[in-house]
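**Student:** Take a look and give me a structure for this.
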Amino acid sequence: QVQLVESGGGVVQAGGSLRLSCTASGGTFSSYTMAWFRQAPGKEREFAAGISGTLGTPYYLDSVKGRFTISRDNAKNTVYLQMNRLKPEDTAVYFCAASKYSSAVFRGVTGYNYWGQGTQVTVSS
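**Tutor:** Sure, this is the predicted structure:
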């Protein structure tokens with residue numbers, strides 16, 4: 001069983017930066033596709049960024065392209081989400097997710113087998 005633990009959320013002013021981390025245990029991290037989803041109050045959970053396990057290719061939600069960067073360190077079993085130029089509309093609970101399909105990055109929640117507990121990101125205007 002894979003366990004995912006997120007950290008790094010908090011409160012930041014618009015235009016600021018945060019870095020989220022997600023550390024995995026209990027599985028073969030390097031073979032998993034990893035992703036960050038987010039869920040704002042009253043909205044569905046949406047894909048923010050993902051990185052494949054096979055080639056480490058990143059994918060992004062259009063609204064975060066150029067501001068967010070996803071990366072992974074397989075030696076540390078950790079995936080990161082560097083968030084720059086944050087906007088109030090980025091406010092959400094951010095969830096880390098892992099998929100057993102190492103060569104594909106799914107944008108839907110059903111593509112992922114394991115989830116973290118979430119970390120709150122609040123961007124004030």
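**Student:** So which bits of the helix or strand harbouring Glu6 are buried?
**Tutor:** Take DSSP states H and E as the rule and Glu6 turns out to sit in strand 3-7. With burial defined by 16 or more other CB atoms under 10 Å, the residues of strand 3-7 counted as buried are 4, 6. Heads up, the C-betas are built off the backbone N, CA and C, glycines and all.
**Student:** Follow the chain on from that strand and name the next helix or strand.
**Tutor:** Sequence order places strand 10-13 as the next helix or strand after strand 3-7, per DSSP H and E.
**Student:** circling back: can you give me the mean pLDDT across the strand holding Glu6?
**Tutor:** Average pLDDT, strand 3-7: 97.
**Student:** What is it packed up against?
**Tutor:** For strand 3-7, the contact count by 3 or more CB pairs under 8 Å, 6 or more residues apart in numbering; DSSP states H and E identifies strand 18-25, strand 92-99, strand 114-115 as packing neighbours.
**Student:** So what's the gap between that strand and the chain middle?
**Tutor:** 10 Å (CA atoms, centre = their mean, to the nearest Å).
**Student:** what do you get for stretch 57-64?
**Tutor:** For stretch 57-64 - counting by CA atoms, centre = their mean - the centre lies 11 Å from the chain centre.
**Student:** Beta-bridge partners for the spatially most central residue of the chain, please?
**Tutor:** Nearest to the mean C-alpha position of the chain, counting by CA atoms, centre = their mean, stands Trp36 at 2.0 Å. Beta bridges link Trp36 to Ala49, Cys96 when assigned by DSSP bridges.
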